[in-house]
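Trainee: Provide a 3D model corresponding to the input given below.
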Amino acid sequence: MKRITLFMLSFLLIFSFATEPYEAATVKLKGAYVKSTYKAQGGRMNIEYHDLYLTVADARRYASKAEMSLNEAFAWFGSGFIKGAGPYLATIGFIKASEGAIVASEIRKYTDKNQSVRITIGIDKNRPVSSRVVRYWNEKNQVSNLWK
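Mentor: Numbers count the residues shown, from 1 in each chain. Predicted structure coming up:
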């Protein structure tokens with residue numbers, strides 16, 4: 001019983017760090033920032049959107065911060081050797097690293113062509129769910145449909 005309790009507590013502690021919502025402004029912006037909140041009656045829905053309109057230089061800085069650092073990668077790798085919880089922790093680390101690398105790659109698709117980007121960060125306040133969407137931004141139109 002003691003082993004199970006220890007396993008569950010350590011798993012919950014590590015998992016809470018892995019599912020934190022993305023920070024909206026991790027770089028100083030020269031573009032623009034818009035925050036919008038959508039709620040439904042009765043509290044069934046509470047979603048926050050953070051739109052970052054980034055110039056090419058800001059987008060490159062954001063992409064470098066979106067990727068996992070080498071120290072963080074080693075920490076997740078080392079956690080894989082913990083008896084019992086290791087495979088689960090290593091999987092969480094892999095998912096976190098993969099998501100950051102995908103976002104950074106999508107940003108670099110635009111910045112390599114010298115194009116500015118719009119990053120929409122969606123955070124569901126009722127559940128531990130968040131996502132990032134990367135799109136082209138023409139540096140003129142700051143208000144557009146999320147699903148374009």
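
Trainee: Low-confidence ranges, this protein, go.
Mentor: Within the chain, the stretches falling below the threshold (pLDDT under 70) are 1-30, 141-148.

Trainee: May I ask which helix or strand encompasses A90?
Mentor: Using DSSP states H and E, A90 falls within helix 86-111.

Trainee: Counting by contacts, list what the helix or strand following that helix packs against.
Mentor: Scanning the chain past helix 86-111 towards its C-terminal end, the next helix or strand to appear is strand 116-124 (assignment: DSSP H and E). Under the contact criterion of 3 or more Cβ pairs under 8 Å, 6 or more residues apart in numbering; DSSP states H and E, the helices and strands touching strand 116-124 comprise strand 46-54, helix 56-66, helix 86-111, strand 129-137. (Glycine included, C-beta is placed from N, CA and C.)

Trainee: Please report the distance of G78 from L89.
Mentor: Separation of G78 from L89 (Cβ to Cβ, to the nearest Å) stands at 9 Å.

Trainee: now do I123
Mentor: Separation of I123 from L89 (Cβ to Cβ): 24 Å.

Trainee: hang on, the earlier thing: in the helix holding A90, what's buried?
Mentor: Neighbour-count burial for helix 86-111 flags 88-90, 92-93, 96-97, 99-100, 103-104, 106-108, 110-111 (criterion: 16 or more other Cβ atoms under 10 Å).
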